[in-house]
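Student: Following is a predicted model, sequence given first.
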Amino acid sequence: MERVRTRFITLLAERQNHIAHHALAAWDCEAPAQQQVHLQEAGSALHMIAGTAGSLGFDALGTSAQSCEMAILDYFDKIQIEPEPLPHAVIAKIDEFVAMSQSLLDEFG
């Protein structure tokens with residue numbers, strides 16, 4: 001099990017960068033279609049983390065990842081009904097996740 005946790009931490013560093021990159025790109029993007037692509041990329045990485053973190057004892061990280069993924073999916077549901085700008089709250093939630101994952105990486109680094 002320790003080997004799996006170590007692999008998770010290694011992948012977390014890569015996924016954290018991936019999530020942060022795509023969240024910032026979505027925030028900066030003016031084209032709605034491109035914004036959605038970036039958010040889907042971030043959401044996919046968050047989904048993978050949410051699905052694994054809890055089973056490895058990183059419950060808070062898994063809950064945070066799931067919360068971010070749900071915020072992205074809720075936003076996608078809303079824009080299907082009526083287009084709206086990306087809410088700051090979605091990016092803030094992702095930023096909290098990135099900070100939490102960095103704390104975990106620092107702890108194991």
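Tutor: Good, I have the coordinates.

Student: Tell me the helix or strand right after the strand or helix carrying Arg5.
Tutor: For Arg5, the host element (DSSP states H and E) is helix 2-28. Next in sequence after helix 2-28, counting helices and strands by DSSP H and E, comes helix 32-53.

Student: Helix 32-53 and the helix holding Arg5, what's the angle between them?
Tutor: Using axes from the mean of the first three to the mean of the last three CA atoms, to 10 degrees, the direction of helix 2-28 lies 160 degrees away from that of helix 32-53.

Student: Helix 2-28 - what's its average pLDDT?
Tutor: Per-residue pLDDT values across helix 2-28 average out to 96.

Student: And stretch 95-109, by the same measure?
Tutor: 95.

Student: can you check stretch 43-50 too?
Tutor: In this model, stretch 43-50 has an average pLDDT of 97.

Student: Test my guess that Ser67 contacts Lys93.
Tutor: Yes: checked against CB atoms under 8 Å, the pair Ser67 and Lys93 is within contact range at 6.3 Å. Every residue, glycine included, has its C-beta placed from N, CA and C.

Student: Neighbour count: the two, which is higher?
Tutor: Regarding Ser67 and Lys93, a neighbour count based on other CB atoms under 10 Å identifies Lys93 as having more, with 19 against 16.

Student: how about that one, what does it touch?
Tutor: 67-68, 71 (CB atoms under 8 Å, 6 or more residues apart in numbering).

Student: let's go with 10 Å and repeat that
Tutor: Contacts of Lys93 were listed using CB atoms under 10 Å, 6 or more residues apart in numbering, and they are 23, 64, 67-72, 87.

Student: cool, and Ser67?
Tutor: 46, 50, 93-94, 96-97.

Student: for Tyr75, same thing?
Tutor: With the criterion set at CB under 10 Å, 6+ apart, Tyr75 makes contact with 26, 35-36, 39, 43, 84-87, 89-90.

Student: Apply 6 Å and report the result again.
Tutor: Remark: with contacts taken as CB atoms under 6 Å, 6 or more residues apart in numbering, Tyr75 is in contact with Val90.

Student: now swap in Ile91 and tell me
Tutor: For Ile91, the set of contacting residues under the criterion of CB under 6 Å, 6+ apart consists of 23, 27.
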